[in-house]
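Enquirer: got a predicted structure here, sequence first:
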Amino acid sequence: MDKIKTRFPPSPTGFLHIGSLRTALYNYYFARKHGGAFVLRIEDTDRSRYVEGAVESLLRTLKRMEIDVDEGPFVQSERLEIYRAHAQQLVQAGHAYRCFCSKERLEELRAVQQTAKQPTKYDRACLTLATDEVEARIARGDASVVRMRIPEGETSFEDEVRGRVTIQNKELDDQVLLKADGFPTYHLAVVVDDHLMGITHVIRGEEWISSVPKHILLYQWFGFPLPVFAHLPLILNPDRSKLSKRQGDVSVEDYFEKGFLEEALGNYVSLLGFNPGGDREIYSREELIAAFDLKKLNKSGAVFDVNKLLWMNGQYLKNLPADELALRVRPWLEHGAGDVPEQLLQKVCDVEKTRMSLLSDIRNIIPMYLHQPDISPDLLVWKTADREDALLQLKGVRERMDACDDKTFSTPGLVEETLKRYIEERNLGTGNVLWPLRVALSGAKRSPGPHELAWVLGKEETIRRIDHATSLLA
RNA sequence: GGCCCCAUCGUCUAACGGUUAGGACGGCAGGUUCUCAUCCUGCAAAUCGGGGUUCGAUUCCCCGUGGGGUCACCA
């Protein structure tokens, strides 16, 4: 049996679309699971869409997603001779023919057909051109393309996710295979390359399913064995149309910029249209590879739910060790705050990670740990107490904090113990003590607990902040 | 419009033809708690409609309806 090979052709714009990411992931999973190879191919046969640096950008993104390429990137624009020869072969065999029709004529033809509510198809005006006339016009330098000569009958194929799909050949247009500029169209290039590169499984988006019959014809004409086809359901906007810009972010780079983790994005996207079997939501890359199965693919489109992605991202953040999180959060710090000491950043991550859903959340979180926050004196007062009590409690707790040794501040747990013991000993109200203390340290209505804040800030700063709060109440 | 594809809670999904139709996100209500978040518990929430086949249909078939994709010298 042939070695399993899958391939991935990103769109040549340089950005990786969310849908493309899933396609890449599935191809990668499938290849990995079967000990096969994952091939990267750049389909840059449209010169008008050329983007400088697109390939480098794509490779960077794939690398970030830890999708390892086994072969390639193969670049189609460097293989023009191969496609030309194949097109020529079809012309000689009578399966394709030269067409000299101008774009203007074709547009006009289409317009007429459209108003007449006819299907828009090429009228085969050039099909009957005599061989010597064709040669004469080519010699004269007339621009021409090569078109498929669609035969009568019907074409069908087996799709791994949809089953048998059949289409009448009369529905097919005499598709252009080789353009006037000598570049192949997608249809020619994909068939030739998939065969030459030994691709055994074609896993791609559903938007391609209607062009498969054309490809089948090409495979037959060339005498190539068919690969296995698996067409994935589309990823949808909330209104159920094909996921597109305009209704939100569609490139994985957009999500990186927002502060999503590569592994969360990969995990989430993998589960759109595929279910490994259990009731779990969080899967490691290895688990996904092990569970991946073409038979487990869904047939219907899936709405991309940013909300659930946000939740999943939070899950991943929460489960990251503090030192790891600190590393990954670092790029989001403002330039001025770039000198946040590593140890402080790790502590902040440790106490804040259950409150984060994006890496970029660190930007809103970090200031209060770097500088004494503004405090509204009224906020210092616990709901069942008054200013006098707040002042009293702050003074008391300051005294106790001051009496602590450095070891107490070495873990949040020890600080917490100390506070609890203090409250118990004096028979104080928990809220009466902890609320003003927490506000004194954070200035915020909502924040981590006072013991966590004190641990992050350290003894000296903790006392300084308590003193500051006290001065506001006095 | 032609052709192709699809159809379970709002969303992602599970369910050998036999289940009180399960889980997750979100929502709501509680619990833990100094606050928020985390965590835990509970609640509401779905088989598009109509015909068949069958002892029995979410599941198989047909029709309808709805949605999507595609109809380039773009991929």
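Expert: Arrived safely.

Enquirer: test my guess that residue A:126 contacts residue A:96.
Expert: No: Residue A:126 sits out of contact with residue A:96 when judged by CB atoms under 8 Å, with a separation of 11.3 Å. Every C-beta, even on glycine, is put in place using the N, C-alpha and C of the backbone.

Enquirer: quick check, residue A:135 in a strand?
Expert: No: Residue A:135: not assigned to a strand; according to DSSP: H, G, I helix; E, B strand; the rest coil it is helix.

Enquirer: what is the burial count for it?
Expert: 12 (other CB atoms under 10 Å).

Enquirer: quick one: it and residue A:81, what's the gap?
Expert: With distances taken as CB to CB, to the nearest Å, residue A:135 is found 20 Å from residue A:81.

Enquirer: how about the helix or strand bottoming out on mean pLDDT in chain A as PDB, C-alpha atoms only?
Expert: In chain A, no helix or strand scores lower on mean pLDDT, DSSP states H and E than helix A:103-115, which sits at a mean of 89. Only the C-alpha atoms of helix A:103-115 are listed here, as PDB (Å, rounded to 0.1, in the frame of the first residue of the first chain):
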ATOM      1  CA  LYS A 103     -12.400  38.000 -22.400                       C
ATOM      2  CA  GLU A 104     -14.700  40.600 -23.800                       C
ATOM      3  CA  ARG A 105     -16.500  38.000 -25.900                       C
ATOM      4  CA  LEU A 106     -16.800  35.600 -23.000                       C
ATOM      5  CA  GLU A 107     -18.200  38.300 -20.700                       C
ATOM      6  CA  GLU A 108     -20.700  39.200 -23.300                       C
ATOM      7  CA  LEU A 109     -21.700  35.600 -23.800                       C
ATOM      8  CA  ARG A 110     -22.200  35.200 -20.100                       C
ATOM      9  CA  ALA A 111     -24.300  38.400 -19.900                       C
ATOM     10  CA  VAL A 112     -26.600  37.200 -22.600                       C
ATOM     11  CA  GLN A 113     -26.900  33.800 -21.000                       C
ATOM     12  CA  GLN A 114     -27.700  35.300 -17.700                       C
ATOM     13  CA  THR A 115     -30.500  37.600 -18.900                       C
END
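
Enquirer: give me the residues contacting it.
Expert: Applying CB atoms under 8 Å, 6 or more residues apart in numbering, the contact partners of helix A:103-115 are A:119, A:120, A:121, A:122, A:123.

Enquirer: element containing residue A:98, please.
Expert: strand A:96-99 (DSSP states H and E).

Enquirer: sorry, that was for residue A:401
Expert: Assigned by DSSP H and E, residue A:401 falls in helix A:387-403.

Enquirer: so for that helix, what gets flagged as buried?
Expert: A:389, A:390, A:391, A:392, A:393, A:394, A:396, A:397, A:398, A:400, A:401 (16 or more other CB atoms under 10 Å).

Enquirer: residues touching the nearest residue to the second one once chain neighbours are set aside, list them.
Expert: Leaving out its chain neighbours, the residue that sits closest to residue A:390 by CB to CB, 6 or more residues apart in numbering is residue A:436, at 4.4 Å. For residue A:436, the set of contacting residues under the criterion of CB under 8 Å, 6+ apart consists of A:380, A:381, A:382, A:390, A:393, A:394, A:469.

Enquirer: and the residue most central in space within chain A, its phi and psi?
Expert: Taking CA atoms, centre = their mean, the centroid of chain A lies closest to residue A:252, which sits 3.6 Å from it. Backbone torsions of residue A:252, given as degrees, to the nearest 10, read phi -70, psi -30.

Enquirer: coming back round to it: the strand holding residue A:98: partners in the sheet, and parallel or antiparallel?
Expert: Paired strands of strand A:96-99, with direction, are strand A:145-148 (antiparallel) (DSSP bridges).

Enquirer: downstream of the partner strand, the next helix or strand is which one?
Expert: By DSSP H and E, the next helix or strand past strand A:145-148 is strand A:154-159.

Enquirer: I'd like the distance between residue A:158 and RNA strand B.
Expert: Distance of residue A:158 to RNA strand B, given as CB to the nearest atom of the strand, to the nearest Å: 11 Å.

Enquirer: so that residue is in contact with residue A:164, correct?
Expert: Yes: assessed by CB under 8 Å, residue A:158 is found in contact with residue A:164 at 5.6 Å.

Enquirer: for RNA strand B, give me its nearest residue in the stretch 1-150 of chain A.
Expert: residue A:43 (2.9 Å; CB to the nearest atom of the strand).

Enquirer: now do the contacts for that residue.
Expert: Here residue A:43 is in contact with A:9, A:12, A:76, A:186, A:189, A:190 (CB under 8 Å, 6+ apart).
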